[in-house]
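Novice: need coordinates for the following:
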Amino acid sequence: MITYNLNDCKISKYEALYRFIKEDIISGTLKADEKLPSKRAFAKNLGISVITVENAYEQLISEGFIYSKPRSGFFVMDISRYLMGTGAFNHNSGLSNSKTTYDKSDFTGTGALNQVSDYKTVPASTNKKYISNFSISSETSNLQSSPASPEITDLQAPISISASHPQNVLVDFSTNQTDPATFPFSTWAKITREVISEKQSALMTNPPVGGVWELRNEISNYLKQFKNMNVSPEQIIVGAGTEYIFGLLIQLLGINKTYAVEKPGYDKIVKICNAHNVKTLEIPIDNQGLDISIIRHPEGLITPKPNVIDKTLSEYINAPELQIISSKSSELSNIKYSVKDSAKDSAKNSTKNYIKTSGIISSTLSYIQEPQILHVTPSHHFPTGITMPITRRYELLMWASEQTGRYIIEDDYDSEFRMTGIPIPTLYSIDNNERVIYLNTFTKSLCSTIRIAYMVLPLHLVREFNNNLSFYSCTISTFEQYTLAKFMETGHFEKHINRMRNFYRKKRNYVLNVIENSKLSQKAEIMEENSGLHFLIKLDLGKQNDENYMQKLKNKGVLIKKLPESEHTFIINYSFVNNKKLEQAIDVMYQCIDN
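Specialist: Predicted structure coming up:
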């Protein structure tokens, strides 16, 4: 039986065990499909608790390093073909750009290796994708009496109403706004006063396009400590929101490229691509995230090409042979098409090389070409919550390494709020070929109205960015940048993240508990991944139309959005939910279901 020395570790034993096993899998010490010891036998051999082994196994499963078989046990996932042969990936710099061999000396530092003390008491048994019998933490019962921090004095305090949040709204599940009660106003105000007092000259100096050095340096330190990302401040570009940053990336990488996005996914990314008049492919996801096979063979997709008709292709299409069908898509400009099997001449057969029996077209047709740029959310897919396993991540990296000019934009929008286990390693941290551009925002972690986002560019793209786009002005005021930099430097950001992680874990459990104890539970299936600030709920609506159901909810003050390209599945954003009105809102959701 495999044995590890977990004594004297400065991190939790389950994380140390997880790291040891992961390193042995990457190095090949543990072979593909090799059976791991049972939880009970492993625990006895190592002199640790069964729950410690269970938590380590759950973390490895969530990252795709091992898999389980019912009544058979746990087995090593085959990742060897992604690590050998191409020379693209060197496991010595794989999941960490610094250390990947672990002994006692590795566990004596601070930051990333110690950040998970917050998780040690979280049972791994709650880490289920489909929860039919809810597993709710006992801490839910303390939701009303135990504030998450001195500044969060009442978790059920009424949320302030604004023009964007009408008075007749009972509960809004459609927004991911920040609850005002959770923001550290007094600390932020104190630091702002200090910055104004200490940096009057700097505040009046226009910052470079990438942002002030102090903020970029603090972000660099944060990424190193908490995400094992070795990046220099010069690689970090700060901007006013993810949308603005993505627009810069399109200009940097090229408007002549084809961009691929996840479907379903963050719809604003598609809109930004369309606004820049670039070709966009919406790639369907499977249960592991973005489907790499469609990326390699996108012949079944038609990409929008506004105001341009490719006459060569259009000549192949005769109206009698092309059946136009109304789209079920929310985008009115999109239509579905199918080519009848009766099309047999060579021209029509040539068309079939570009299109399948069904696909998407947006007002005009153009040739399909394999995308060069991918936008993905691997740590927590929006909106399904899927975590991309390590095998799929390596597949994407292999694809990117095969041709010059291919890049992956990793959108890590809410990875700080993984509710159980340790944070999933970033795609950037296992890329050795400078093909990943990392994208993140403070909108989720700090406040939805602080529009500060950033990207981490590979070094060779930093030079290109400075040469071609340095004429832009930084879009964030120096007041906000220096305040956030000092907020991070003094440790307040780390404290805030830990506090909010606990707060949102309790709030999520409370929302799930209310659903479980309501009549709605008879009609509901919860789908979640124990991360992020939303989950999915699938309702048994019978023959009722989703749009009709949402309108009935809206008439009674409950706002909700459906999962695109799905039926009867809805997104529950809980960050802005008023807990005092939650039970009433859940009852409304039940009452609006046609019996």
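Novice: show me what contacts Gly557?
Specialist: Counting by C-beta atoms under 8 Å, 6 or more residues apart in numbering, Gly557 touches Asn168, Val169, Leu170, Val171, Ala585, Val588. Any C-beta I mention is one placed from the backbone N, CA and C, and that applies to glycine too.
Novice: the stretch 201-350 of the chain: strands as residue ranges?
Specialist: Taking DSSP state E, counting those that start in this stretch to define them, one finds strands in the stretch 201-350 of the chain at 236-239, 258-263, 279-286, 289-290, 322-325, 334-339.
Novice: what pLDDT, on average, does the last one get?
Specialist: In other words, strand 334-339. When pLDDT is averaged over strand 334-339, the result is 32.
Novice: now the longest one
Specialist: For strand 279-286, the mean per-residue pLDDT is 91.
Novice: list the buried ones in it?
Specialist: Lys279, Thr280, Leu281, Glu282, Ile283, Ile285 (16 or more other C-beta atoms under 10 Å).
Novice: residues in contact with the closest residue to the last one other than its chain neighbours?
Specialist: If the residues on either side of it in the chain are set aside, Ile285 comes closest to Glu262, at 5.4 Å by C-beta to C-beta, 6 or more residues apart in numbering. Taking C-beta under 8 Å, 6+ apart as the definition of contact, the neighbours of Glu262 are Glu282, Ile283, Ile285, Gly289, Leu290, His375, Val376, Thr377, His381, Phe382.
Novice: repeat that for 10 Å
Specialist: Residues near Glu262 by C-beta atoms under 10 Å, 6 or more residues apart in numbering: 269-270, 282-285, 289-291, 374-378, 381-384, 386, 411.
Novice: for it, give its distance to Arg508.
Specialist: 23 Å (C-beta to C-beta, to the nearest Å).
Novice: same question for Met589.
Specialist: 17 Å.
Novice: what's the answer for Gly47, then?
Specialist: 34 Å.
Novice: helices along the stretch 151-300 of the chain, start to end?
Specialist: 185-198, 200-203, 213-227, 242-253, 267-275, 292-296 (DSSP state H, counting those that start in this stretch).
Novice: how about a markdown table for those helices, with mean neighbour count added?
Specialist: Converted to a markdown table, the helices of the stretch 151-300 of the chain look like this (neighbours: other C-beta atoms under 10 Å):
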| stretch | mean neighbour count |
| --- | --- |
| helix 185-198 | 14 |
| helix 200-203 | 12 |
| helix 213-227 | 20 |
| helix 242-253 | 19 |
| helix 267-275 | 18 |
| helix 292-296 | 15 |
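Novice: Tyr14 is nearest to which of those helices?
Specialist: Proximity to Tyr14 (C-beta to C-beta) singles out helix 213-227 among these, at 18.1 Å.
Novice: which secondary structure elements does that closest one contact?
Specialist: Identification of packing neighbours for helix 213-227 by 3 or more C-beta pairs under 10 Å, 6 or more residues apart in numbering; DSSP states H and E yields strand 236-239, strand 436-441, strand 453-456, helix 478-489, helix 492-516.
Novice: can you do 8 Å?
Specialist: strand 236-239, strand 453-456, helix 478-489, helix 492-516 (3 or more C-beta pairs under 8 Å, 6 or more residues apart in numbering; DSSP states H and E).
Novice: what about the nearest residue to Glu416 once chain neighbours are set aside, how many residues nearby?
Specialist: Closest residue to Glu416 apart from its sequence neighbours, by C-beta to C-beta, 6+ apart: Ser445 at 4.8 Å. By the criterion of other C-beta atoms under 10 Å, Ser445 has 19 neighbours.
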